[in-house]
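Novice: my questions are about this predicted structure, shown below with the sequence.
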Number of protein chains: 6
Amino acid sequence: MSLFGLIEYADASPEVRAVYDDIMATRKTDWINNFWKAIAHDPVMLKRTWEDIKQIMSPGALDPLTKEMIYIAVSVTNLCEYCIASHTASAKNKGMTDAQFKELMSVVGMANETNRLVAGYQVEVDERFKAGFRS
Amino acid sequence: MSLFGLIEYADASPEVRAVYDDIMATRKTDWINNFWKAIAHDPVMLKRTWEDIKQIMSPGALDPLTKEMIYIAVSVTNLCEYCIASHTASAKNKGMTDAQFKELMSVVGMANETNRLVAGYQVEVDERFKAGFRS
Amino acid sequence: MSLFGLIEYADASPEVRAVYDDIMATRKTDWINNFWKAIAHDPVMLKRTWEDIKQIMSPGALDPLTKEMIYIAVSVTNLCEYCIASHTASAKNKGMTDAQFKELMSVVGMANETNRLVAGYQVEVDERFKAGFRS
Amino acid sequence: MSLFGLIEYADASPEVRAVYDDIMATRKTDWINNFWKAIAHDPVMLKRTWEDIKQIMSPGALDPLTKEMIYIAVSVTNLCEYCIASHTASAKNKGMTDAQFKELMSVVGMANETNRLVAGYQVEVDERFKAGFRS
Amino acid sequence: MSLFGLIEYADASPEVRAVYDDIMATRKTDWINNFWKAIAHDPVMLKRTWEDIKQIMSPGALDPLTKEMIYIAVSVTNLCEYCIASHTASAKNKGMTDAQFKELMSVVGMANETNRLVAGYQVEVDERFKAGFRS
Amino acid sequence: MSLFGLIEYADASPEVRAVYDDIMATRKTDWINNFWKAIAHDPVMLKRTWEDIKQIMSPGALDPLTKEMIYIAVSVTNLCEYCIASHTASAKNKGMTDAQFKELMSVVGMANETNRLVAGYQVEVDERFKAGFRS
């Protein structure tokens, strides 16, 4: 399901099919997951979102697996059930081991804890952290 | 500042100094940042938090820099100013390049966006994502 | 379901029925949704919450549909499944078109993204934004 | 300030200047706010983010002021100080009255409250809310 | 400061003064904190919010100090700087000891951590937790 | 279910069994809930998390029931369904009455509302709240 239902490939308009085709070609798969079928009701957003993700998640200074783990870290922090399930599957497809997933969870849990300790104890930013990256 | 003020090394009890010493030795630095000085008012929590972080952030299936970037991803999602500043500095010390930081931000931003699109469109988890890691 | 079960009209006390009656009269419907039946176990809160919502959601400087869309924006940001479903239904009853919903989602997604970019890049508030509404 | 400092127009590369020029032309202003100057260190993201925002915030099924108020609703829910300040200023520029802002705040506050009551009382989605928009 | 500036007692309308008077009488103080002076620009909301808080925070099945600590727990989870500062001061006025504050922080930190572990490991609700409070 | 499946006592390694035994002995129960069975796939985290929780949730300056209610306050704020269900059950086991739960919900709802009003109205911290706990 989803709010407007899912648009399957067979029922999709040419512009939606073009995005579906690019998703499958880029990911080397013959399958489209529900997220895309749900937002396909807004073809402009479908295209924009896919192109942004394609650009952002492609290999660069960070490898694709690291990017997937960062995606999981955000999704777990937000408690987004769908996003956790889908990006955990993607990360596994890109080679994430069980050991890596477990360490990822430990870091995410710890960060969520210390974020609150910092707030509760009203800790001020250290002077030397304020310098940023400028030399 | 901070709620109870900051406990400097010179004023710390032996048990707090022992943690400070371990932090400095582990991080190969002669400096303690405000977070530790603020929570040092609760020596039991100081010790527990440090030992947890030391265990979690040490090299394992994920390298220390990847762990720092995951820490940043969580802290940015939660909008924790102190944590962003401190872990960005730590990541830089561990070799994070400007290019890596920029890609990290792009992924974090994108994930926070799609987490909401999934929720708003009420997307259900795909059957094949439900299988988890079990073979 | 819900923690204490749902209180149906037939089983409700006079004070709860009075709130249910006002909800149905105000909304011009013969139906009460689960939220009210669940919190009816605390009649004081039921009455306070309903009176607050009735006051807040009534037409004013903002029309009722705009208010429902703002309710959705918050609920999507918080990933509150029930609230998204119920307020999307309410908004539709008040005339929200598919096109409006889609634009709403685009804005909510974008705002959640840029909220994090601002945090990660540690952007300071511009001087001219600090002036507020004072002339 | 900001992590990498702010890139002023005079110091910007041609590709960054092109975005700045389009921002100023679109907004009919001679001024660039800090957000853009901060992310200009990543020209690819600058361009992508601006083009997305330009598309999303332009008039459509929702008018620009409604979109700004939705942006504020998200930013307030996330407690993003910069975003609240900048989009409140933008909304005011687009005609938001004091009365509209006040009603906006009332709705945002109420929605954040009831989102939690729903969660705490473990309210299940009503059957008739599950039908979505499908006819 | 604040968006519209702060309304001091001397400059307040009779209806705002009536709320200020009730706040001071209820809290047995001669002082109004910024939150009330900021929202006083919307007298209807000022009155509604104060009356709700007065009702909710008064002694009942939970004592006022416990209620203040719950307020802090929420505010720390949301990273609301103002709310943390004001409710920590209120709790201290109501007798919160340093030891109580420290334990409060430990619980809040831990809960924020395990909330994410539950999400990341996709843990399903145990059957016996679904029974709720019904006998 | 859960990502890796649940590790039952009969299938657990000696180190996992030792934690399970301590959980059951500490809680005076013969039952382990899904959270522990899910994270038991990472025995190091299982042990660390249990020992932290055991230390944090034991009686101290705050009684165990108050700690459970704080746990619920955080979990409701984060909309963590599992955590709400499990800690509501735990709190009930420790004597939480229906009346206490209802007041807890009212405070949590109110705090989530005013956290946003503070942000939206851009309220600055009062000078006298900045003094912290220092005398």
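Specialist: Received, thanks.
Novice: which non-adjacent residue is nearest residue A:109?
Specialist: residue E:113 (4.2 Å; CB to CB, 6 or more residues apart in numbering or on different chains). To be clear about C-beta, it is placed using only N, CA and C from the backbone, and glycine gets the same treatment.
Novice: so what's the one you found up against?
Specialist: Shown in contact with residue E:113 (CB atoms under 8 Å, 6 or more residues apart in numbering or on different chains): A:109-110, A:112-113, F:49.
Novice: let me know the closest of the residues you listed to residue F:91.
Specialist: Closest approach between the contacts of residue E:113 and residue F:91, by CB to CB: residue F:49, at 19.5 Å.
Novice: how many residues are close by that closest one?
Specialist: As a burial measure, residue F:49 scores 22 neighbours (other CB atoms under 10 Å in any protein chain shown).
Novice: now do the contacts for the residue positioned nearest the centre of chain A.
Specialist: The residue lying closest to the centre of chain A (CA atoms, centre = their mean) is residue A:71, at 3.7 Å. Contact analysis of residue A:71 by CB under 8 Å, 6+ apart lists A:57, A:83, A:87, A:90-91, B:107, B:110-111.
Novice: which one (most neighbours) among these?
Specialist: Counting neighbours by other CB under 10 Å, residue B:111 comes out on top of the contacts of residue A:71 with 29 neighbours.
Novice: check which helix or strand covers that one.
Specialist: Secondary structure from DSSP states H and E places residue B:111 in helix B:98-120.
Novice: buried stuff in that helix?
Specialist: For helix B:98-120, a neighbour-count test (16 or more other CB atoms under 10 Å in any protein chain shown) marks B:100-120 as buried.
Novice: contacts only, for the residue lying closest to residue A:104 once chain neighbours are set aside.
Specialist: Nearest residue to residue A:104 in three dimensions, chain neighbours excluded: residue A:69, at 5.3 Å (CB to CB, 6+ apart). Contacts of residue A:69 were listed using CB under 8 Å, 6+ apart, and they are A:91, A:96, A:100, A:104, B:62, B:66, B:70.
Novice: wait, which of those residues is closest to residue B:128?
Specialist: Among the contacts of residue A:69, residue A:91 lies closest to residue B:128 (CB to CB), at 14.8 Å.
Novice: re the thing from before, dihedrals phi and psi, the residue nearest to residue A:104?
Specialist: For residue A:69, the backbone dihedrals are phi -70, psi -30 (criterion: degrees, to the nearest 10).
Novice: quick one: it from chain C, how far?
Specialist: 17 Å (CB to the nearest CB, to the nearest Å).
Novice: let's see the pLDDT reported for that residue.
Specialist: What the model reports as pLDDT for residue A:69 is 98.
Novice: what does residue A:2 give?
Specialist: We have a pLDDT of 87 for residue A:2.
Novice: then residue A:63?
Specialist: pLDDT, residue A:63: 97.
Novice: give the contact list for it.
Specialist: Contacts here follow CB under 8 Å, 6+ apart; on that basis residue A:63 touches nothing.
Novice: now do the same contact list for the residue of chain A found nearest chain C.
Specialist: The minimum distance from chain A to chain C, using CB to the nearest CB, falls at residue A:42 (4.1 Å). The contact partners of residue A:42, by CB under 8 Å, 6+ apart, come to C:102, C:105-106.
Novice: for chain A, what lies in contact range of chain E?
Specialist: Residues of chain A lying near chain E by CB under 8 Å from any CB of the partner chain: A:72, A:76-77, A:79, A:81, A:84-85, A:104-105, A:108-110, A:112-117, A:119-122.
Novice: before we move on, the earlier item: now the residue nearest to the centre of chain A: how far from chain F?
Specialist: Per CB to the nearest CB, residue A:71 is found 16 Å from chain F.
Novice: now that residue, what's its secondary structure?
Specialist: What DSSP: H, G, I helix; E, B strand; the rest coil gives for residue A:71 is helix.
Novice: from residue A:35, how far off is it?
Specialist: Separation of residue A:71 from residue A:35 (CB to CB, to the nearest Å): 12 Å.
Novice: one more: residue A:88?
Specialist: According to CB to CB, residue A:88 and residue A:35 sit 14 Å apart.
Novice: what do you get for residue A:2?
Specialist: From residue A:2 to residue A:35 the distance is 9 Å (CB to CB).
Novice: between those two, what contacts are shared?
Specialist: In contact with both residue A:2 and residue A:35: B:121, B:123, using CB under 8 Å, 6+ apart.
Novice: which parts of chain A are helices?
Specialist: According to DSSP state H, chain A carries its helices in the segments A:14-27, A:34-39, A:43-57, A:64-77, A:81-93, A:98-120.
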